[in-house]
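Engineer: Dropping a prediction and its sequence here:
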Amino acid sequence: MADLCPGKNSWPELVMTNGEEAAAKIEKENENVDAKVVREGTSVPEDFRCDRVWVWVNDYGIVTQVPSIG
């Protein structure tokens, strides 16, 4: 479904980087999305949205999963 969304939709190069910096880079590279930094284990809505990217981080604020639109 992410293929239906405008702009870049996945950021594998940001795994193992700082979550806040990753979110800023995502929003810079795709102005259509709002990147949200979320700690692993946090409950989030499961609906698909072209304007949202979850940036999953560990206790140290490091990105643990490939951020992608959804």
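Structural biologist: All right, it came through fine.
Engineer: Not counting stretch 27-38 itself, show me its contacts.
Structural biologist: 5-9, 11, 19-20, 22-24, 26, 44, 50-57, 61, 67, 69 (CB atoms under 8 Å, 6 or more residues apart in numbering). No exception for glycine: its C-beta is placed from N, CA and C like everyone else's.
Engineer: how about the strands in the chain?
Structural biologist: 34-39, 52-57 (DSSP state E).
Engineer: quick one: which of these is nearest residue 15?
Structural biologist: Closest to residue 15 of the strands of the chain is strand 52-57 (CB to CB; 9.6 Å).
Engineer: Show the residue spans covered by the helices in this structure.
Structural biologist: 19-29 (DSSP state H).
Engineer: got any ranges where it has weak pLDDT?
Structural biologist: 1-2 (pLDDT under 70).
Engineer: What is the neighbour count of residue 32?
Structural biologist: 14 (other CB atoms under 10 Å).
Engineer: on that earlier part again, most tightly packed of the strands of the chain?
Structural biologist: strand 52-57 (a mean of 22; mean count of other CB atoms under 10 Å).
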